[in-house]
Structures are given as structure tokens and as C-alpha cells.
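*Asks:* sequence first, then the predicted structure:
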Amino acid sequence: MKYVLKRLCSAVIVLFVMSVVIFLIIHWIPGDPAEIYAGTGASASTVETVRKTMGLDRPLVVQYVDWLKGVFQGDFGISLSTKEEILPTLATKFINTLQLSVYGAAFAIICGIGLGVLSALYHNTIIDVFSMLVAIIGISMPVYWVGMLLVMVFSIQLGIFPVTGNETWLSYVLPSICIGLNSLAVITRMTRSSMLEVLNEDYIVTAVAKGLRKPSIYFVHALKNAMIPIITTIGMQFGYLMGGSVLTETVFVYPGLGKYLVDSIQARDYPAIQASLLVLVTVFIIVNFLVDLAYFMLNPRLRSEG
Amino acid sequence: MTKLTDMKREKDSGQAQWEYLLEVEDLKTYFITKAGTGKAVDGVSFRLKKGEILGLIGESGSGKSVAVKSIMQIVPKPGRIVGGKVRFKGEDLLGDAKAIQRVRGKDMTMIFQEPMTSLNPVLTIGRQMTEGIMLHLHLKQKQAEDVACKYLEMVKIPNPQEILKRYPHHLSGGMRQRVMIAMALETNSSLLIADEPTTALDVTIQQQILALIRELRDRLNMGVIFITHDMGVINEISDHTAVMYCGKIQEYASTREVMKNPLHPYTQALIQAIPRIDTEQEELHTIPGSVPSLLNLPAGCSFSNRCQYACEQCKNETPELYDTGDGHFVRCWRYADTSTKEG
């Protein structure tokens, strides 16, 4: 229990620090939000008025506290480009991205662990070579390149999947593969090396000597031990997955948080940038916390210390 | 529950149509690598009766551990059993690929040197103990737990119910070895293979484990192969002793005979190397040199390069295992003339 509390505290602290960093970065990058809001060609006095109404003339600390207060009440401010409340748009975009990330993660985890286990069990055979090939391709190909290739082959030439959007379940397939391929590669390699290590342990010999059947030896005795480092990798990958959404969503014109972030940056829409960054960071931290919890559940040595 | 398991045990013994529990004949396990072929076990033969404890002694690298792993067919790669016969209760285990699956972990069980790493760290003791019972004896979870408790009690672990819920890291080395022993017994095993089970334990715990194995042998009448590199341990536990060196049995006799009347120069050296309390001793006796590499064995007798009696013949021709009478076998040219060849 102490372990869980400790993790929870550090998660909250990291979140707070990140909110400060996000706020400061946005305010230090070039571009005057008041000017943008007032529109091009507005007079100096109009810009000044806008600055006053938006509260941008106040000290940074006051602005930060004000912003944070809003965030806690679910008020992320008003978008500079659409002049609408950010929260409703943000919510739909976030759900879209979360959906895509979950599909991508599921694809990466299921195929990654599967390939990794096969690779370890058939070490130095053609199966091993094949899955390592997949892993190398997954790691070395940039996300947008994979995305474009997928679209070219499966959408344009074969016509199996739609090119863009999120209308039918079919349109999720390519973006999910695209967003998950990198993680799949990392998880495959981690699973392989972790399994290979575990299979050499004394307790595996014990399990064989006990006359246990192969599935029980591999999936209960070996994989459960091998999962401990794999879980950590998966957690980190989920964070990257959310980050990878920026590229994938741009390629597939998918209406998610990543695309929203890119659009907001292009429009210098600072409240929207702040909001989407904060959401991304929060998800990253929550996932990390969940990973720590899973780690705690899997590793009895950790459990008895806490 | 007790009744059921006892009945099974009786049934097993009633069916006995074999004279020896285990017969190993000319067993050969080689490690085939790019650097050459290491003959880790090179023509090992012995027999074991029900209720008998056979001590297998030798230095590290003598092939004793590979020999028993070959019997269990758990030889690590790139080791391969290349020849010989292993008959368990009259059934040939090497001829039929399925044969080993019928007995391994059920009728023929094994405990290992490192109790700290031989149990799975992420599974409870209960889970690890019951899986074998459920698989081999076809019992349900609850019944399996009862059996597990019974055997934990037998190896003198207090609070077995409580221990079942624990993880291996909660237990000490001695306790873990007891759990391993209980796990090896719980399926009514008739052959226990113990691969240096006391080497990693401190002396007091070692004594307790030895006493426990002796007591369990008497109670359950099972055969035991006990591997060690410690002559003192052999003296305490085994009925018969086989001395191994470079993949071959060099001497085989009853333990009393080996201790009182060792014939092979290697055995004599091993016994001399036991430190004694009762005599003043300046220095420990040691055997000069070290075990030769399996890839580069001396021609002739493999002990010839360290043997004080070695002659020309020893360096050129490999001696056989000669019977010197009274079931005392020795692989040494010095006894070739005085004995009849092993038939």
C-alpha cells in the first residue's frame, strides 16, 4: 500500500510540474496571442483592449493560477481561432484519439507478445528471423512513411480500406497498424529477450522436471516472469502511442487530439495548445501510474515490501 | 485422502515385476559443439533397487549431474543422449519418446542444488505444489491442497496451510529445499534424484536435510540417487557409492567398502582429502592438478595425468570396470589381473 501511495504522490507532483512547464513554454514562444485574436490589420489600441480583456497583461503567476483554476472547473478557455469553448471539441477529439491509441496498443501488445514468445521458443529458426525482421522494419520506419505506404497499398491500389476519416470500423484498421507498428517492434524485441532469459532460469528446469506440459511451462512459469519488464515497456509505449497520434492522425486526416494539436499550433491558438498538451501529459502520467500498479501486482517481491 | 494415496502406493508395489527400480546401461551423453565433442557421460552403467540410496560422487565437471539429467531427459543444450539404455521399473525410457512423459515428475522426481532459484518467484508455493498433483494424480484444487499440506507436514514444515499462500522469497534456503522435497514426494514418487541438494545450504541445515531424506526413504521405501562432491555426505547417506570422473564411473561398491577399502587411486585421494578433526594435520590433502577438459581428455585412463601410480599402460589404454569380487568394481589397470572382467 505504501508503494501505491508513493507512486500516486509522485504522479501528482509530475503532473503539477508539467502543467507549469506547458504554461511557460506557450507563453515564451514567439507570437502575440492578442494580435492573433484581434485579427490581422487590427489597430494597436484594439490589440491593447483585447490584451486587457483576455487578462494577458497580468503577471504570469496570476495568469497561471487563473488558468489552473479554470482547468479544475473544466474550463479550458476559448479557442482563439474558432472563438468557441475548447472543452467540448477537446473531449470529442480526445475520445477519438483514445480509441485509436487503444486499438493501436491492442494490436501492438497482442501481436508483439505473440511474435516475441514465438521468437524465443523457436530461437534461431526461420520463425525467429521473420519476427526480428518485422521488428527491425517496425523500429526503423518512420510513422508517417509507414502511414503513406499503407494508404498507397491498401487504400489506393487494393481499395480495401478507406483513405481517411473515421466513419466505419474499416477506417480504423490502417491508422491502428500505423500507430502501433513501432510499439509492436519494441514489445516484440523486449518479449523475446525477456523470454529467452527466463527460459534459462533454474525454475524452468524444475517445471520441466515436474513433468508439466509445455503450455503450462511456457505461459504460466515463463511468461509470467517475463511479463514484468514487458509491462514496463508497454506502459512507456502507450505514451509514445499518444504522441505518435500527432503524425498518424495527420497522415490519415483523422479527427483526433494529435491533429487538433497540429492545427492549433499552426493557428497559434494558445489556449487550445495548452489544453491538448495538458491532456496528453495527463494521459501519459495516468498510464505510467497504471503500469506501476500492474508491476506491483505481478511482482510478489515488491508486494511484500510495501 | 491419506487412504487413497496409500492405496495407490500399495498397488504400485504389488505390481512389481522388475528386480531393479532403475537400470542404466552404457549411457552416453555428449555435448556436440563447434569446438569438439565433450563426452560428459561416457558409458555409465548402474542399477538401483527400491529403497536404496546410491551416492554419486565426483568433482565439478565429472559428469555426475549430466548423468542424472540424462535419466530425467532434461539435459541442457547442446547436450544429447547418444546411446545407452535407461530402464525404469522395467520400462525403457529412451526407446519411446512418450515414455518419459509418463513418469517424469510423477514416479521419478528430482530436487536441485539451488533452492533459492529452483522455485518460481512469481507463483505461490501452493500453486507450484498443487499443479503437479492435479496433473499427475487427477485431483481437484481442494484435494490437491490437502495432499500438498500432508507432504509439507512430512518434511516438517510448520503451518503448511499458511505456507501454501506464501511466495518463495518469504522462505529461507532450508525451507525452500524442504518445499522442493515435498514437491518431489507428493505424487508418490518411487525414485528421487537429488542433485547436490545440500551443497548450497549451511552445515546444520545440511544435516537436517540429510536426516530428512534418510527418514523419508525408510518411510516411503523409495530409491534415491544422491549426487554430491562431499565424501562426508556420501558416508552419511548412501548405501552404495559410485565415484565418477570424466564421464565414467571409476569405482562402485557399497559405501562401507568404498570408505574402508578404496581401490581406485582417485577414490583414495578423495578420501584422503576429507579433513579430519581427530588427527593433527598441517595441511589439507589435495589431488594435484585439476579435472581435464572434456574436449581434451588424456589418452588411456582419464585420471592418468594426476595419478601417482600411472604407468605406460595407463597413458595409452583405457581400463575397463573390473569386478574385484563382492560387488566391488574398479576402473584401474592395477586390478586388471587379479579380477574377472565384468560380465
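*Replies:* On my side now, so go ahead.
*Asks:* show me what contacts residue A:241?
*Replies:* Applying C-beta atoms under 8 Å, 6 or more residues apart in numbering or on different chains to residue A:241 gives the contacts A:101, A:104-105, A:108, A:179-180, A:183. Quick note: C-beta positions are derived from backbone N, CA and C, even for glycine.
*Asks:* look up the closest residue to it, ignoring the ones flanking it.
*Replies:* Of all residues not flanking residue A:241 in the chain, residue A:101 sits nearest, at 4.8 Å (C-beta to C-beta, 6 or more residues apart in numbering or on different chains).
*Asks:* what about stretch A:202-210, distance to the chain center?
*Replies:* Averaging C-alpha positions (C-alpha atoms, centre = their mean, to the nearest Å) puts stretch A:202-210 39 Å from its chain's average.
*Asks:* is any part of it close to chain B?
*Replies:* Yes: using C-beta under 8 Å from any C-beta of the partner chain, stretch A:202-210 reaches chain B at A:202-203, A:205-210.
*Asks:* if we can go back for a sec, turn the contacts of residue A:241 into a markdown table, including pLDDT, secondary structure and neighbour count.
*Replies:* Putting these into a markdown table (pLDDT from 0 to 100; DSSP: H, G, I helix; E, B strand; the rest coil; neighbours: other C-beta atoms under 10 Å in any protein chain shown) gives the following:
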| residue | pLDDT | secondary structure | neighbour count |
| --- | --- | --- | --- |
| A:101 | 89 | helix | 28 |
| A:104 | 92 | helix | 28 |
| A:105 | 91 | helix | 23 |
| A:108 | 94 | helix | 27 |
| A:179 | 90 | helix | 34 |
| A:180 | 91 | helix | 28 |
| A:183 | 92 | helix | 28 |
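*Asks:* give me the neighbour count for the residue in the stretch 51-200 of chain A positioned nearest to chain B.
*Replies:* Closest to chain B within the stretch 51-200 of chain A is residue A:200: 8.8 Å, counting by C-beta to the nearest C-beta. Other residues lying near residue A:200 total 11 when counted by other C-beta atoms under 10 Å in any protein chain shown.
*Asks:* what's the pLDDT at it?
*Replies:* Per-residue pLDDT puts residue A:200 at 91.
*Asks:* cool, and residue A:80?
*Replies:* Looking at residue A:80, its pLDDT reads 78.
*Asks:* where does it fall, secondary structure wise?
*Replies:* Assigned by DSSP states H and E, residue A:80 belongs to no helix or strand.
*Asks:* from residue A:17, how far out is the nearest residue to it once chain neighbours are set aside?
*Replies:* Nearest residue to residue A:80 in three dimensions, chain neighbours excluded: residue A:269, at 4.5 Å (C-beta to C-beta, 6+ apart). Counting by C-beta to C-beta, to the nearest Å, the gap from residue A:269 to residue A:17 is 24 Å.
*Asks:* ok, now residue B:24?
*Replies:* The value you get for residue B:24 to residue A:17, if C-beta to C-beta is used, is 68 Å.
*Asks:* settle it for me: which of the two has more neighbours?
*Replies:* The residue with more neighbours, out of residue B:24 and residue A:17, is residue B:24; 24 against 11, by other C-beta under 10 Å.
*Asks:* I'd like the secondary structure assignment at that one, please.
*Replies:* Secondary structure, DSSP: H, G, I helix; E, B strand; the rest coil: residue B:24 is strand.
*Asks:* can you pull the contacts of it?
*Replies:* B:44-47, B:67, B:71, B:84-87.
*Asks:* now with 6 Å?
*Replies:* Contacts for residue B:24 (C-beta atoms under 6 Å, 6 or more residues apart in numbering or on different chains) come out as B:45-46, B:86.
*Asks:* rebuild those as CSV, extending it with neighbour count.
*Replies:* Converted to CSV, the contacts of residue B:24 look like this (neighbours: other C-beta atoms under 10 Å in any protein chain shown):
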residue, neighbour count
B:45, 18
B:46, 19
B:86, 22
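*Asks:* of those residues, which is the nearest to residue A:229?
*Replies:* Set against residue A:229, the nearest of the contacts of residue B:24 by C-beta to C-beta is residue B:86 (38.9 Å).
*Asks:* now the element after the lengthiest helix in chain B, going C-ward?
*Replies:* The longest helix of chain B (DSSP state H) is helix B:203-220. Once the chain leaves helix B:203-220, the next helix or strand it forms, by DSSP H and E, is strand B:223-228.
*Asks:* check which helices and strands whatever helix or strand comes next after that following strand sits against.
*Replies:* Remark: after strand B:223-228, the chain's next helix or strand is helix B:231-237, criterion DSSP H and E. Using 3 or more C-beta pairs under 6 Å, 6 or more residues apart in numbering or on different chains; DSSP states H and E as the contact test, the elements touching helix B:231-237 are strand B:53-57.
*Asks:* next to chain B, which bits of chain A? Give me the list.
*Replies:* Residues of chain A lying close to chain B by C-beta under 6 Å from any C-beta of the partner chain are A:202-203, A:206, A:208-211, A:221, A:224-225, A:300-301.
*Asks:* repeat that for 8 Å
*Replies:* Within chain A, the positions near chain B by C-beta under 8 Å from any C-beta are A:201-203, A:205-213, A:216, A:220-221, A:224-225, A:228, A:298-301, A:304.
*Asks:* which of those fall in helices?
*Replies:* Within the residues of chain A next to chain B, residues falling in helices by DSSP H are A:202-203, A:205-209, A:224-225, A:228, A:298, A:300-301, A:304.
*Asks:* returning to what we had before: keep only those of the contacts of residue B:24 that are in helices.
*Replies:* Short answer: the contacts of residue B:24 have none in helices (DSSP H).
*Asks:* out of these, which is nearest to residue A:158?
*Replies:* Among these, residue B:86 lies closest to residue A:158 (C-beta to C-beta), at 57.9 Å.
*Asks:* now that closest one: closest residue in space, sequence neighbours ignored.
*Replies:* Using C-beta to C-beta, 6+ apart and skipping the chain neighbours, the partner closest in space to residue B:86 is residue B:93 (4.5 Å).
*Asks:* the one you found and residue B:99 touch, don't they?
*Replies:* Yes: contact criterion C-beta atoms under 8 Å: residue B:93 and residue B:99 qualify, at 4.9 Å.
*Asks:* quick one, strands of the stretch 201-306 of chain A?
*Replies:* Listed in chain order, the stretch 201-306 of chain A contains no strands at all (DSSP state E, counting those that start in this stretch).
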